[in-house]
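In: Just to be clear, the model below is a prediction. Sequence and coordinates:
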Amino acid sequence: MPPWDKPAPASVQKGETAKLKVLVTGGAGYIGSVVAASLIDNGHSVVVFDNLSKGNIHAVPKGATLVVGELSDSAILQATFREHRFDGVMHFAGFIEAGESMELPEKYFRNNTCNTLALLEAMQEQDVKRLVFSSTAALYGNPQRIPIEEEDLLNPTNAYGESKLLAERILDWSHRIHGLRSASLRYFNAAGASAHLGEDHNPETHLIPIVLQVALGQRKSLSIYGTDYPTKDGTCVRDYIHVSDLASAHMLAFERLGKAAQPERLIYNLGNGRGFSVREVIEVARRVTGHPIPAVETPRRAGDPAVLVASSEKIRRELNWQPQHAQLEEIIRSAWEWRQQNPHGYPE
């Protein structure tokens with residue numbers, strides 16, 4: 001058993017005694033599929049709602065029911081809620097490419113903000129009061145301090161981050177006015193793979209899978225976007241977190257929302273608390289894969305902060321969350337093993 005497939009800590013394994021029915025929007029995508037699989041492994045019933053524009057039907061975990069549809073389609077969404085009588089929702093159905101959001105901001109506000117509102121309206125109509133929201137460290141923009149804490153200034157530098165911030169503000173008001181129990185989990189850089197589920201975007205924009213595509217000979221080289229940042233080697237620094245550790249945090253947050261005596265509004269950063277530069281990621285990948293992985297220096301991309309590193313002390317303290325796969329080499333190795341087994345990602 002590879003280390004990234006070790007059983008979750010006992011507090012997560014135990015889960016809730018009652019079997020729950022959970023809607024997972026975006027459950028055919030990278031993080032959503034891993035969380036959906038974790039829910040099923042913990043004995044819950046899962047319905048995946050996905051338009052498959054970014055997700056893949058082959059990533060939907062065995063045992064989940066798939067509904068193909070748009071969150072903006074109120075008829076399909078309402079019918080899904082009426083048929084299944086959900087106990088809660090985990091919401092992953094968002095666009096995530098920061099660079100693209102600076103070219104097509106309306107695409108991000110429509111999907112990430114407006115469709116979140118549509119989902120909340122459907123939940124309210126069916127009296128579903130528990131939601132875990134896939135948020136992002138992009139809310140912080142260029143941080144005033146490192147590591148970043150949840151109370152720090154929210155000042156996105158790209159439309160992607162702004163679209164998620166607006167969605168969080170809607171959650172705040174839904175909590176105050178309607179008693180919605182919700183948790184916003186602000187990811188830093190999700191990476192790695194489980195034995196059967198990995199990262200596969202089309203087009204691919206994330207550093208680690210692009211690096212591995214170069215190692216497999218599917219790209220001649222990768223681009224380093226900016227080498228003049230105020231960091232130790234001039235390249236951007238990011239905090240990488242294994243996707244299985246993200247899944248365990250979702251399980252703990254979902255469980256907490258169900259146990260609290262009063263409706264709660266939870267906000268947590270999710271990261272390992274250590275940053276790695278683009279050059280460092282490439283060097284570790286070279287060791288893991290045994291390939292040279294050529295890199296080409298190119299100008300900065302709009303909206304990229306120099307450093308994003310999380311303080312996750314709050315979720316560690318309040319929910320007893322502990323990352324199990326914090327080493328960058330372990331994260332990259334898990335992604336590399338999945339990519340070797342699935343060199344072209346999921347089947348079309």
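Out: On my side now, so go ahead.

In: quick one, what contacts residue 338?
Out: Each residue near residue 338 by Cβ atoms under 8 Å, 6 or more residues apart in numbering is listed here: 193-195, 197-199. The way it works is simple: take the backbone N, C-alpha and C, and place the C-beta from them, glycine included.

In: hmm, 7 Å instead?
Out: Each residue near residue 338 by Cβ atoms under 7 Å, 6 or more residues apart in numbering is listed here: 193, 198.

In: Surely residue 250 is within a helix?
Out: Yes - under DSSP: H, G, I helix; E, B strand; the rest coil, residue 250 sits within a helix.

In: What's the first helix or strand after the helix or strand of the chain with the lowest mean pLDDT?
Out: The least trusted helix or strand in the chain, going by mean pLDDT, DSSP states H and E, turns out to be helix 10-14, with a mean of 38. Using DSSP states H and E, the next helix or strand after helix 10-14 towards the C-terminus is strand 21-25.

In: Now the residue of the chain positioned farthest from its centre: closest residue in space, sequence neighbours ignored.
Out: In the chain, counting by Cα atoms, centre = their mean, residue 292 sits farthest out from the average C-alpha position, at 29.2 Å. In space, residue 292 comes closest to residue 286 once its chain neighbours are excluded; the distance is 6.6 Å by Cβ to Cβ, 6 or more residues apart in numbering.

In: Using CSV, list the CA coordinates for stretch 300-315.
Out: The C-alpha coordinates for stretch 300-315 follow below in CSV (Å, rounded to 0.1, in the frame of the first residue of the first chain):
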residue,chain,number,x,y,z
ARG,A,300,5.6,36.9,-15.4
ARG,A,301,1.9,36.1,-15.7
ALA,A,302,-0.6,38.7,-14.7
GLY,A,303,-2.1,38.2,-11.2
ASP,A,304,0.6,35.8,-9.8
PRO,A,305,1.6,36.7,-6.2
ALA,A,306,5.2,36.1,-5.3
VAL,A,307,4.7,34.0,-2.2
LEU,A,308,1.6,32.0,-0.9
VAL,A,309,2.3,29.9,2.2
ALA,A,310,-0.5,28.9,4.7
SER,A,311,-0.8,28.8,8.4
SER,A,312,-3.1,25.9,9.0
GLU,A,313,-2.9,26.1,12.8
LYS,A,314,-6.6,27.0,13.2
ILE,A,315,-7.9,23.7,11.6
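
In: For residue 48, what are phi and psi?
Out: Phi and psi for residue 48, reported as degrees, to the nearest 10, are phi -90, psi 130.

In: show me what contacts it?
Out: Residue 48 makes contacts with 24, 27-28, 36, 60, 64-67, as judged by Cβ under 7 Å, 6+ apart.

In: same thing but 10 Å
Out: By Cβ atoms under 10 Å, 6 or more residues apart in numbering, residue 48 lies in contact with 22-29, 32-33, 36, 55, 57, 59-61, 64-68, 92-93.

In: Check the burial of the residue lying closest to it once chain neighbours are set aside by counting its neighbours.
Out: In space, and not counting its chain neighbours, residue 48 is closest to residue 27: 3.3 Å by Cβ to Cβ, 6+ apart. The local packing of residue 27 (other Cβ atoms under 10 Å) involves 31 other residues.

In: Could you double-check that residue 27 lies in contact with residue 54?
Out: No - look at residue 27 against residue 54 with Cβ atoms under 10 Å: they stay out of range, at 11.6 Å.

In: shared neighbours of the two, anything?
Out: residue 93.

In: pLDDT of stretch 141-153, averaged?
Out: Mean pLDDT, stretch 141-153: 93.

In: measure that stretch end to end?
Out: In stretch 141-153, first residue to last residue: 9 Å (Cα to Cα, to the nearest Å).

In: Check stretch 253-267 too.
Out: End-to-end for stretch 253-267, by Cα to Cα: 10 Å.

In: what comes up buried for that stretch?
Out: Of all the residues in stretch 253-267, those buried under the rule 16 or more other Cβ atoms under 10 Å are 253-257, 263-267.

In: same thing with stretch 137-156?
Out: 137-141, 143, 146-148, 150, 152, 154, 156.
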